[in-house]
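K.L.:
A predicted structure for the sequence below; I have some questions about it.
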Amino acid sequence: MTDYVIVGAGSAGCVLAARLSEDPNTQVTLLEAGPPDDSVLIHCPGGLAAMAKTGAHGWGFHTEPQPGLNGRRGFQPRGRVLGGSSSINAMVYARGHPSDYDTWQAMGNPGWSWADVRPYFLRAEHNERGASEHHATGGPLNVADLRSPNPFARDFVQAGVQAGHPRNDDFNGAQLEGCGLYQVTQRNGERFSAAKAYLLPARERPNLRVITGARARRILLQGQRAVGVEFIEGGHLQRIDAAREVLLCAGALQSPQLLMLSGIGGHTELLLNGIGVLHPLPAVGQHLQDHVDVVQVVDVPGRTELFGLSLAGAWRTLQAVREWRRQRSGMLTSNFAEAGAFLKSDPAEAVPDLQLHFVVGKLIDHGRKTVWGHGYSCHVCLLRPSSEGRLRLDTKDPMAAPLIDPNFLADHDDLTRMISGFRLMRRILQQPALARHGGRELQRSAGAQTDLQIEGFLREHADTIYHPSGTCRMGPHAQDAVVDAQLRVHGLQGLRVVDASVMPRLVSGNTNAPTIMIAEKAADLIRASLSPISQPASQPAS
């Protein structure tokens, strides 16, 4: 028996485990299906390339065939390790736009406006630039400028200015729009995942138990209350009971899956898979949103300061390994997506609806395909897609992957905005700051000049940029939402969902920092539900 069972040691689960275990009278158990985060590929930022290539520490899910992408199956890599996706992501620190959260509140979720959530972003943050109007110091999550930025990333920012866009030295500052270098979740040249930020300092507490290699099978219900979790560890079926609450933090793809496996979901979906309906909740797995994205790749022969495959590049990489091991500096401190931009597909847009990630290497097929030579790449993704998909069960077998259908480009407006975004991206890459290097756009995109040709390129090459959300979305009504504004599953006691799946609408940027914010706020919501004597003294920064 424990007070809280947390399912999933990703960004949200690590935050909850650390915050709830601050009370020495509270027993917390954290279940993670993956292994400990002890691989050098995780802690060395440059190890991201090897993890992408091999699929290490990820679930490696794929989508259902996407009609909007010429029937292709998309790739959905989610973290399967302590730290979850924060242990395998590109480490970009981005909060989104304040209007994202005001929209959440307007959708019937009191307490989730920008004014409400901003203190939790600040409570989480330790920004190496120092405290300011927009940033804080002293939080668990280290946010830093890149230690050894690539000169091509700076050239991208200059090219953006040459294309007529403002320079933005802080995407989490006064405004979102513009071109600049990203800040990253790193410290001293190493990845600073949620596991390192939150879980590692808390592991010494005797009231926190962390179990790796523990695959959750179902949430156990007693009437209308969640009372525990059934899981498999070392091939053996185990059960752990929760005296207070079960906290589901398995992510936007697996939190809804686990709810359905537990008999919580839509009647039809459950009965089709031979699962008894213990608690009907039709919105489970619905409203899946993700950032659809496409990449333009430019070949730049001989420029070994860019990541790539060549004899000279191999020698440079060996030198970079030595530098990182000795000094935690150099090429291998790169997050690859070093620079970027937030742009408007049309000047009439109130806030940016496009995001660019400039990658200092040739990125093809999510980095899984090895290509000869050196070059750079640029992503463009649509920040607020109109298209929505869903997540379903393939079988009642809890070991099986779910059926993931983002429904990319189903809404024609998404396609129109992506075509505009592709043109804006290409115009930046053609500016003198980058053109002077003599790069050549790969033929697969170079032939796309007309809107119809660009549409063809998008349908043949677009995919996710790894930000699924909304499948257990927050809202006031059980008919079209899964959790309420306290993140409690509608109609049940002792069960909350705390991860990106609760987002009512996808945020305008990378989802890691917002997920950490959600968990910081959830910790306060959970503690507020207890008697005043159990409340911690700490409060979020204002």
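P.N.:
Received it, and whenever you're ready, just let me know what you need. Numbers count the residues shown, from 1 in each chain.
K.L.:
Touching the longest strand anywhere in the chain from outside, list them.
P.N.:
Longest strand in the chain, counting residues (DSSP state E): strand 236-248. Here strand 236-248 makes contact (C-beta atoms under 8 Å, 6 or more residues apart in numbering) with 1-8, 13, 16, 27, 29, 31, 214, 217, 219-220, 226-232, 255, 258-259, 472, 494-499, 522, 526, 530. Bear in mind the C-beta positions are built from the backbone N, C-alpha and C, glycine included.
K.L.:
and if you look at stretch 266-279?
P.N.:
Contacts of stretch 266-279 (C-beta under 8 Å, 6+ apart): 221, 224, 260-265, 280-285, 392-393, 395-396, 489, 491-492.
K.L.:
Kindly export the longest strand of the chain (C-alpha atoms) in PDB.
P.N.:
The C-alpha atoms that make up strand 236-248 are tabulated as PDB, following Å, rounded to 0.1, in the frame of the first residue of the first chain:
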ATOM      1  CA  HIS A 236       5.400 -11.500 -12.900                       C
ATOM      2  CA  LEU A 237       2.000 -10.000 -12.400                       C
ATOM      3  CA  GLN A 238       2.000  -7.500  -9.500                       C
ATOM      4  CA  ARG A 239      -0.500  -5.200  -7.800                       C
ATOM      5  CA  ILE A 240       0.000  -2.100  -5.800                       C
ATOM      6  CA  ASP A 241      -2.800  -0.300  -4.000                       C
ATOM      7  CA  ALA A 242      -3.200   3.500  -3.600                       C
ATOM      8  CA  ALA A 243      -4.600   4.900  -0.400                       C
ATOM      9  CA  ARG A 244      -5.200   8.300  -1.900                       C
ATOM     10  CA  GLU A 245      -4.900   8.500  -5.700                       C
ATOM     11  CA  VAL A 246      -3.700   6.800  -8.900                       C
ATOM     12  CA  LEU A 247      -1.900   9.400 -11.100                       C
ATOM     13  CA  LEU A 248      -1.800   8.500 -14.700                       C
END
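K.L.:
Let me see the mean pLDDT of the following helix or strand past it.
P.N.:
Next in sequence after strand 236-248, counting helices and strands by DSSP states H and E, comes helix 255-261. For helix 255-261, mean pLDDT rounds to 98.
K.L.:
Among the contacts of stretch 266-279, name the ones in strands.
P.N.:
Short answer: the contacts of stretch 266-279 in strands (DSSP E) are 221, 264-265, 280, 392.
K.L.:
Can you name the two of these that sit furthest apart?
P.N.:
Leu221 and Arg392 (21.1 Å; C-beta to C-beta).
K.L.:
who has more neighbours, the two?
P.N.:
Arg392 (23 against 20; other C-beta atoms under 10 Å).
K.L.:
on that earlier part again, just the ones in helices from the contacts of strand 236-248, please.
P.N.:
Per DSSP state H, helices hold the following members of these: 13, 16, 255, 258-259, 522, 526.
K.L.:
Please state the mean pLDDT value computed over stretch 159-174.
P.N.:
98.
K.L.:
what about stretch 316-333, average pLDDT?
P.N.:
Rounded mean pLDDT across stretch 316-333 is 96.
K.L.:
Buried subset of the contacts of stretch 266-279, written for PyMOL?
P.N.:
With 16 or more other C-beta atoms under 10 Å as the burial test, the buried ones among those are selected in PyMOL as follows:
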select buried, resi 221+260+261+262+263+264+265+281+282+283+284+285+392+393+489+492
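K.L.:
Would you mind giving the ones in strands among the contacts of stretch 266-279 as TSV with distance to Lys196 and pLDDT added?
P.N.:
TSV is the format used below for those (distance: C-beta to C-beta, whole Å; pLDDT from 0 to 100):
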residue	distance to Lys196	pLDDT
Leu221	35	98
Ile264	33	98
Gly265	34	98
Pro280	40	97
Arg392	34	98
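K.L.:
for the worst-scoring helix or strand of the chain on mean pLDDT, packing partners?
P.N.:
Least confident helix or strand of the chain, by mean pLDDT, DSSP states H and E, is strand 308-309 with a mean of 91. For strand 308-309, the packing partners by 3 or more C-beta pairs under 8 Å, 6 or more residues apart in numbering; DSSP states H and E come out as strand 373-382.
K.L.:
Lovely, talk soon.
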